[in-house]
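Visitor: Task: produce atomic coordinates for the following.
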Amino acid sequence: MKKRIILFTAALLMACLAMLSGCHSKSADLHIYTWADYIKPELMQQFEQENKCKIIIDTFDSNEAMYAKLKAGATGYDLITPSSYMAKIMNDQGMLLPLEHAKLPNLLHIDAEYLQIAIDPEMKYSVPYMVSYTGFGYLQDAVADATPSWKMLERPELKGRMTMLNDMRETIGAALKSLGYSLNTVNDDELLAAKAVVIGWKKNLAKFENEQYKTGLASSEFLLVHGYSGDILKVQEDNEQVAFLIPEEGFSLACDDLVIPKTAGQVDLALKFINFIHTPSVAAANTEYITYLCPNRASYDLLSEETKSNPGIFPDAATRSKGEVIQDLGESNAKYTKIWDEIKAAGD
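Guide: Numbering: from 1, shown residues only. Model prediction:
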């Protein structure tokens, strides 16, 4: 009897050890839904090693496409990087978790100057990830007398060699700014005027495009593109003729945020990643790599002099004052959707 008990105990111990071994050998997966090429690969590897996990990336090319996929029932994501206005929409609709600040000690490094214009300044449901400025990328050797103005899109000699973002708020917003209006207007007359402007620009465009404009500019397929500062500055690494302009009439100043959906399966791991991203040395390395600005004040002193003096990353105060943050317009968002559909259909 005693022998049987000993054998049973030994077998039970071995089974427990096997179970524990299995738990330690199986890593957790952190599923991130984000824009393409938006995290330095070496930083992901560092986080994986430090947390014994694996990061799995899925990408989207517009806020609206990401939102539509989630509303259609897509789940499995632990961390998402929507623009601030879309993060607010998602939070208002009960799609996001409130953030546990006790697990995010690096929030103390967030740039207070940015938080003055943030949609969620208390960071209740979102943490700023990267700030961008929307403007033009162009080839200096192919575009003569480039000026920092939305009127560049009217140039007949560039017909068929230009693109604009396939993003209703950015592109309608550009037209509104060119007319001297707010890119958050809900005035019907102003929106109709902006629609006419975009339809006029459309006749000059190769297409509306969110991703291929980068490689198209680098290869000289496109001569001038409407795009995000970080994307265009990144293209400069492949083609030294690429330059970036911020239109003097005004522009979209955007921030993509880190948010955790309510359906997340790895909430603690997502919080660890947010805190990791705002470690000053990590934030600086990420800024240097993807050429967007992580609004982490403590990271600025760690940046190269070249980065700190780049006006596409740190525009001067006069330029920044002309930037406007895209806001959630509630029920009036439908006005933009209607106009965007009409713009897309025009001339088809």
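Visitor: dump the residue contacts of R169.
Guide: By CB atoms under 8 Å, 6 or more residues apart in numbering, R169 lies in contact with 63, 85, 183, 252, 326, 336. For glycine as for every other residue, the C-beta is placed from the backbone atoms N, C-alpha and C.
Visitor: Turn those residues into JSON lines, columns for distance to G216.
Guide: Output for those, formatted as JSON lines (distance: CB to CB, whole Å):
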{"residue": "N63", "distance to G216": "22"}
{"residue": "Y85", "distance to G216": "27"}
{"residue": "L183", "distance to G216": "25"}
{"residue": "S252", "distance to G216": "21"}
{"residue": "I326", "distance to G216": "25"}
{"residue": "Y336", "distance to G216": "26"}
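Visitor: pLDDT of the lengthiest strand in the chain, averaged?
Guide: Criterion DSSP state E: the longest strand present in the chain is strand 127-139. Mean per-residue pLDDT for strand 127-139: 96.
Visitor: what helices or strands is it leaning on?
Guide: Packing contacts for strand 127-139, counted by 3 or more CB pairs under 8 Å, 6 or more residues apart in numbering; DSSP states H and E, involve helix 112-115, helix 212-218, strand 224-228, helix 229-235, strand 242-245, strand 251-258, helix 280-290.
Visitor: by how many degrees do it and strand 251-258 diverge?
Guide: 140 degrees (axes from the mean of the first three to the mean of the last three CA atoms, to 10 degrees).
Visitor: Can you give the distance of strand 127-139 from its chain's centre?
Guide: In terms of CA atoms, centre = their mean, to the nearest Å, the centre of strand 127-139 is set 9 Å apart from its chain centre.
Visitor: And the helices in this structure?
Guide: Counting by DSSP state H, the segments of the chain that form helices are 2-25, 41-51, 63-71, 84-92, 112-115, 168-178, 188-202, 212-218, 229-235, 267-277, 280-290, 305-308, 317-320, 333-345.
Visitor: Out of those, which gets nearest to D257?
Guide: Closest approach to D257 among these (CB to CB): helix 84-92, 4.6 Å.
Visitor: Let me know whether K202 touches G347 as I believe.
Guide: Yes. Here K202 reaches G347: they are 6.6 Å apart, a contact under CB atoms under 8 Å.
Visitor: between the two, which one's more packed in?
Guide: With neighbours defined as other CB atoms under 10 Å, K202 and G347 compare such that K202 has more, 17 against 8.
Visitor: if I look at that one, how far off is Q266?
Guide: Taking CB to CB, to the nearest Å as the measure, K202 falls 43 Å from Q266.
Visitor: just S252 next, same as before
Guide: From S252 to Q266 the distance is 32 Å (CB to CB).
Visitor: which of the two has more neighbours?
Guide: Between S252 and Q266, counted using other CB under 10 Å, the more crowded position is S252 (24 against 18).
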